[in-house]
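[1] Need a 3D model of the sequence below.
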Amino acid sequence: MKHSTKSILIGACAAGMLLPLTASATNGYFSHGTGIKSKAMGGVGIAKSGDALAAGTNPANMFAQGNRVDFGLDRFSPDRSTSVTGNANPANNIQYDPNMDSDFYIPEFGYNQMLNDKMAFGVSVYGNGGMNTSYNRNVTLFGTTNAGVNLEQLFIAPTFSMKVDDKNTFGVSLNLIYQTFSATGLENFDSAANTSAVGSVTNNGTDTSTGFNVRLGWTMEASDTISLGAFYQSKADMSNFDKYKGLFAEQGDFDIPSTYGIGINVAASKALNIGFDITKINYSEVAAISNPLGPSSSAGVIDNTLGTANGAGFGWQDMTVYKLGAAYAINSKMTLLGGYNYGKQPIPADQTFFNMLAPGVTEETYTLGLTYELASKAELTFMFMYAPEKKVDGSGSIPATFGGGESNISMSQTSFGMAYGWKF
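    Purely as a prediction, here's the structure:
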């Protein structure tokens, strides 16, 4: 590898660790896509990609990017709402506003360089996702101070890709992962009756966690007009959030679940490309995310003591996400992008109580974008995303020990992003 390439890659990794982390969520707590181009096309990118952020979807697609560098920034704006109804204490029946923090800025960086006519090496730096609520007051059932949580995840993905024959390309990314978490306003859970680690539930500032996983990818040029792709990303074994070992199951363990997917891209004409992806997110692999609060008819009565090996979590289910995207070349300089993303939200109606902290319930996402080619092999891409409001009303959601009744949650989202890409 050339010395200049090594310097850029080392600089990219260092810069990635200094980037301000941000919260983003569309498919549960995962982002709906990686890279502004992919986000503009509903998150499509398994069979075909258009920038050096490709490793965040399918590392095999990095080979097709050639020598390229990309910078992007996405302004993400969720609008959340929660309420409590029917509680035994009328003072708890309140409509809440969890939107004190309403705008989040998500940077991204990608670099790729050809090693020869068969191999390429690069790095993609991006936010994988997150969750955030920031209440303007205390949630009376939770505690006495302003409630909220903030989870953020940064991926730095050195990636090798190789074209093995005329049709097939393989790629592998080693994802170096850094995540942060904080929680406030959960004093009612910070007692020996509710947690295995009193003092490690709430109001302990920001904690950090590190880990890694591997993403494998494959693409095939099935014909002159059809490309196929697939990827698998392993579960990431993250270090524990020690400051919150009394909140998360397994003594503060918050791993990142495995994901996998398949995709197809069809060149319907010289001007039009259409992509369709199906991905699976295995939230059930992580106890802190998937363990229910309260008895579960499918798994028996769990230990609801927070922080224990089988402690209560958010009760999230696995997600299957369908992504449809299109790119239409208006002329030699402008390409119109659009997409649609759907995944049934992961929170059952009987698990809305704890999810007043993480109401990741949006299901549909509509996207639109435009790429404009500049001089000297450069380009600008713009993206807009809208996820309409989805509401989940609780059904048996608040335990009797907290006075019963229902917690109701809803969310909608918008984002606007732009990216600069340069081929060299």
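[2] going forward, measure contacts between C-alpha atoms and count neighbours the same way
    Will do.
[3] wait, K323 sits on E363?
    No - if you go by Cα atoms under 8 Å, K323 and E363 don't touch, sitting 11.6 Å apart.
[4] in the stretch 251-400 of the chain, which spans are helices?
    Secondary structure of the stretch 251-400 of the chain, counting by DSSP state H, counting those that start in this stretch: helices at 287-290.
[5] so where is it shaky, pLDDT-wise?
    Scanning the stretch 251-400 of the chain for pLDDT under 70 picks out 294-303.
[6] Now with 80, please.
    When residues are selected by pLDDT under 80, those of the stretch 251-400 of the chain lie in 294-304.
[7] quick one: the strands in it?
    259-267, 272-281, 319-329, 334-343, 364-373, 378-392 (DSSP state E, counting those that start in this stretch).
[8] hey, what's in contact with both of K323 and E363?
    Residues touching both K323 and E363 by Cα atoms under 8 Å, 6 or more residues apart in numbering: 341-342.
[9] residues contacting K344?
    Contacts of K344 by Cα under 8 Å, 6+ apart are 319-321, 363.
[10] now swap in G275 and tell me
    Contacts of G275 by Cα under 8 Å, 6+ apart are 44-45, 47-48, 263-266, 323-326.
[11] same question, S239
    209-211, 253-255.
[12] and the residues you listed as a markdown table, adding distance to Q179 and neighbour count?
    As requested, these are arranged in a markdown table below (distance: Cα to Cα, whole Å; neighbours: other Cα atoms under 10 Å):
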| residue | distance to Q179 | neighbour count |
| --- | --- | --- |
| S209 | 5 | 18 |
| T210 | 6 | 18 |
| G211 | 9 | 17 |
| D253 | 12 | 24 |
| F254 | 10 | 23 |
| D255 | 10 | 22 |
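[13] So what pairs up with the residue lying closest to N341 once chain neighbours are set aside in the strands?
    Nearest non-adjacent residue to N341, counting by Cα to Cα, 6 or more residues apart in numbering: K323, 4.5 Å away. Bridge pairing for K323 (DSSP bridges) gives the partners D277, N341.
[14] Relative to A47, how far out is K323?
    Distance of K323 to A47, computed by Cα to Cα, to the nearest Å: 12 Å.
[15] now do S284
    From S284 to A47 the distance is 27 Å (Cα to Cα).
[16] Which one's more surrounded, those two?
    A47 (28 against 17; other Cα atoms under 10 Å).
[17] and the more buried one, what does it touch?
    58, 61, 219-220, 227-230, 262-265, 275.
[18] ranges for the strands of the stretch 51-200 of the chain?
    68-85, 95-96, 104-114, 119-134, 148-163, 168-184.
[19] returning to what we had before: show the contacting residues for the residue nearest to N341.
    42-44, 275-278, 339-342.
[20] hey, what's Y328 bridged with?
    The partner residues for Y328, given DSSP bridges, come to L272, L336.
[21] Surely it touches S269?
    No - using Cα under 8 Å, Y328 is not in contact with S269, being 9.2 Å away.
[22] which one of these two has more residues nearby?
    Neighbours were counted for Y328 and for S269 using other Cα under 10 Å; Y328 has more, 18 against 11.
[23] For V361, see how far away the nearest residue to D103 once chain neighbours are set aside is.
    Ranked by Cα to Cα, 6+ apart and with sequence neighbours excluded, the top spatial neighbour of D103 is S77, at 4.7 Å. Per Cα to Cα, S77 is found 15 Å from V361.
[24] same question, T184
    From T184 to V361 the distance is 22 Å (Cα to Cα).
[25] Neighbour count: the two, which is higher?
    Neighbours were counted for T184 and for V361 using other Cα under 10 Å; V361 has more, 27 against 23.
[26] can I assume that one is in contact with D393?
    No - in this structure V361 lies outside contact range of D393 using Cα under 8 Å: 11.0 Å.
[27] neighbours of D101, just the number please.
    Neighbours around D101, by other Cα under 10 Å: 15.
[28] OK, contacts around it?
    133-134.
[29] ditto for N168
    Shown in contact with N168 (Cα under 8 Å, 6+ apart): 218-221.
[30] how about these in JSON lines, adding neighbour count?
    As requested, the contacts of N168 are exported to JSON lines (neighbours: other Cα atoms under 10 Å):
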{"residue": "W218", "neighbour count": "24"}
{"residue": "T219", "neighbour count": "26"}
{"residue": "M220", "neighbour count": "21"}
{"residue": "E221", "neighbour count": "17"}
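[31] Which single one of those residues is nearest to S332?
    E221 (24.1 Å; Cα to Cα).
[32] Against A64, how distant is that closest one?
    In terms of Cα to Cα, E221 sits 12 Å off from A64.
[33] okay but Y260 is in contact with W218, surely?
    No - look at Y260 against W218 with Cα under 8 Å: they stay out of range, at 11.7 Å.
[34] Which neighbours do those two have in common?
    Counting by Cα under 8 Å, 6+ apart, the residues touching both Y260 and W218 are 230-231.
[35] so where's the stretch 1-150 of the chain uncertain?
    In the stretch 1-150 of the chain (pLDDT under 80), the answer is 1-25.
[36] if we go to 90?
    Along the stretch 1-150 of the chain, the parts satisfying pLDDT under 90 run over 1-26, 129-130.
[37] which stretch of helix or strand covers the nearest residue to T219 once chain neighbours are set aside?
    Distances taken as Cα to Cα, 6+ apart place G229 nearest to T219, at 4.2 Å, with adjacent residues excluded. Using DSSP states H and E, G229 sits within strand 226-233.
[38] Determine the set of other helices and strands touching that strand.
    Packing partners of strand 226-233 (3 or more Cα pairs under 8 Å, 6 or more residues apart in numbering; DSSP states H and E): strand 207-221, strand 259-267.
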